[in-house]
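In: okay, sequence plus prediction incoming.
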Amino acid sequence: MKREDILRRVGHMSQVAEVRKISFGEGRAAGMKGWQVKNGPLEFTVMEDKCLDLAQVSYKGVQMNFLSKPGLQGRNHYDTNGGEAQRSIMGGMMFTCGLENICAPYESDKAYPMHGRIRTTPAEHTGTNTQWKGDVYEMSLHGEMREAELFGENLLLKREITTTYPGKQIFVEDTIENQGFREEPVMLLYHFNVGYPLLDEGARIILPTKKVMPRDEAAAPYVKQYDRMEAPKDNEPEYVFLHELAADEEGNTFAAVINEKLGLGIRLEFNQRELPYFMEWKSLASGDYVVGLEPANSSVYGRAYHEEKGDLHKIQPFATEKKQLTITILEGEELQETVKMAEKLVK
């Protein structure tokens, strides 16, 4: 519809599209602030107190994301306490890992917690905006998260999240700036977590994979099953696979999960030049049933691995880096179109 046609049919745009400020009132989430975004049948929650990450995402009432056993929660005293981070990793649609460390806890000159500190860093200088751009109604949110230490690093992550009505996409643009006077390591991983009911037995993980490798012995026997989800299994260990993905000439590539029974899917697009590593986290464990799609600028083997190799990614003083992600809801023929996209890239 054109703008005039939409406005003829609604009294207020919040009937079909809105950004609403929210706060949570009970449990471990008590006091956490965020925004609830409605874009027609697409709805999602952005957590102001946790890096402007995406908590829950649904489309036409179907939940897309995984939510771990601890559930929705704000910042906790144990967030950055080594392995206890697992008590605060709530999953959600996407949480941001970094900026000094990703994956397992690590100790050298100081302690680096599991998946880093940025994922639980509250945003500041936040704001929202809505505007018509022609016949498209654009909604955006922005804020910045600082990872800094006395006599240490001073890294700033600026994030803008945009979605347009009508539409089925969420755009995330990050800018990382080193506001210190020395070069700093920057590790970054986007932990994108797909869950039930989109994820279920028979769901497919669509990747333009040229090569796939298991992270460890636990995953090795299951490499050939990386692309299909089985039913939950009690006490099953997690599997992690490292993928070498194909990309187009500009470095663009993607990862997706589709459920043909539901006729729905979700696709994450990113640029391999910005995020050259990709990991798949597959957990069939009952109660921990999830597939994680994880583009990153560093390996799943973590900070120690890159320090030993001498290739830890670093950013110069006052330099900036940009990262862009596009999340697209898929339905109908778009599922098979995504399968063909992967096949075309691999060729």
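Out: Alright, I've got the coordinates.

In: show me the contacts for the residue nearest to the spatial centre of the chain.
Out: For the chain, the residue nearest the mean C-alpha position is residue 94 (3.0 Å; C-alpha atoms, centre = their mean). Residues in contact with residue 94 (C-beta atoms under 8 Å, 6 or more residues apart in numbering) are 53, 54, 172, 190, 191, 192, 193, 327. (C-beta placed from N, C-alpha, C; glycine too.)

In: quick check: it vs residue 313, distance?
Out: Counting by C-beta to C-beta, to the nearest Å, the separation of residue 94 from residue 313 is 20 Å.

In: mind listing the strands for the stretch 1-150 of the chain?
Out: 17-23, 33-39, 42-47, 53-59, 62-63, 94-99, 106-107, 111-112, 124-133, 136-148 (DSSP state E, counting those that start in this stretch).

In: between the longest one and strand 124-133, how big is the angle?
Out: Think strand 136-148. Angle, strand 136-148 to strand 124-133, by axes from the mean of the first three to the mean of the last three C-alpha atoms, to 10 degrees: 160 degrees.

In: only C-alpha atoms, please: export strand 136-148 in CSV.
Out: Included here for strand 136-148 are C-alpha records, laid out as CSV according to Å, rounded to 0.1, in the frame of the first residue of the first chain:
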residue,chain,number,x,y,z
VAL,A,136,7.7,3.1,4.0
TYR,A,137,7.4,3.7,7.7
GLU,A,138,10.9,3.4,9.3
MET,A,139,11.5,2.7,13.0
SER,A,140,14.9,2.9,14.5
LEU,A,141,16.7,2.6,17.8
HIS,A,142,20.2,3.6,18.7
GLY,A,143,22.6,3.6,21.6
GLU,A,144,26.2,3.0,22.6
MET,A,145,28.1,0.6,24.9
ARG,A,146,31.5,1.3,26.4
GLU,A,147,34.0,-1.3,27.4
ALA,A,148,36.7,0.5,29.3
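
In: show me what that strand pairs with in its sheet, parallel or antiparallel.
Out: strand 124-133 (antiparallel), strand 154-165 (antiparallel) (DSSP bridges).

In: for this structure, which segments count as helices?
Out: 3-9, 302-309, 334-346 (DSSP state H).

In: name the nearest residue to residue 53, sequence neighbours excluded.
Out: Spatial nearest neighbour of residue 53, excluding adjacent residues (C-beta to C-beta, 6 or more residues apart in numbering): residue 95 at 4.7 Å.

In: now residue 144
Out: Nearest residue to residue 144 in three dimensions, chain neighbours excluded: residue 158, at 4.6 Å (C-beta to C-beta, 6+ apart).

In: and that neighbour, how far from residue 49?
Out: Remark: distance between residue 158 and residue 49 (C-beta to C-beta) = 17 Å.

In: and residue 222, by the same measure?
Out: 37 Å.

In: between those two, which is the more surrounded one?
Out: Counted by other C-beta atoms under 10 Å, residue 222 and residue 49 do not tie: residue 49 has more neighbours, with 20 against 15.

In: is it true that that one touches residue 34?
Out: Yes: counting by C-beta atoms under 8 Å, residue 49 touches residue 34, with 7.2 Å between them.

In: any stretches of this protein with poor pLDDT?
Out: Along the chain, the parts satisfying pLDDT under 70 run over 82.

In: for the closest residue to residue 31 other than its chain neighbours, what are its contacts?
Out: Nearest residue to residue 31, sequence neighbours excluded (C-beta to C-beta, 6+ apart): residue 74, at 5.9 Å. Residue 74 makes contacts with 24, 28, 29, 30, 31, 32, 49, 50, as judged by C-beta under 8 Å, 6+ apart.

In: can you pick out the most distant pair from the residues you listed?
Out: Greatest spacing in the contacts of residue 74, by C-beta to C-beta: 30 and 50 (14.0 Å).

In: the two: who's more crowded?
Out: residue 50 (29 against 12).

In: ramachandran coordinates for that one?
Out: Phi and psi for residue 50, reported as degrees, to the nearest 10, are phi -140, psi 70.

In: can I assume it is in contact with residue 28?
Out: No: using C-beta under 8 Å, residue 50 is not in contact with residue 28, being 11.9 Å away.

In: the closest residue to residue 32 other than its chain neighbours and residue 174, how far apart?
Out: In this structure, residue 32 finds its nearest non-sequential neighbour in residue 74, 3.6 Å apart by C-beta to C-beta, 6+ apart. From residue 74 across to residue 174, the span is 22 Å (C-beta to C-beta).

In: before we move on, back to that, pick the most buried one from the strands of the stretch 1-150 of the chain.
Out: Neighbour counts (mean count of other C-beta atoms under 10 Å) averaged over each of the strands of the stretch 1-150 of the chain peak at strand 94-99, with a mean of 25.
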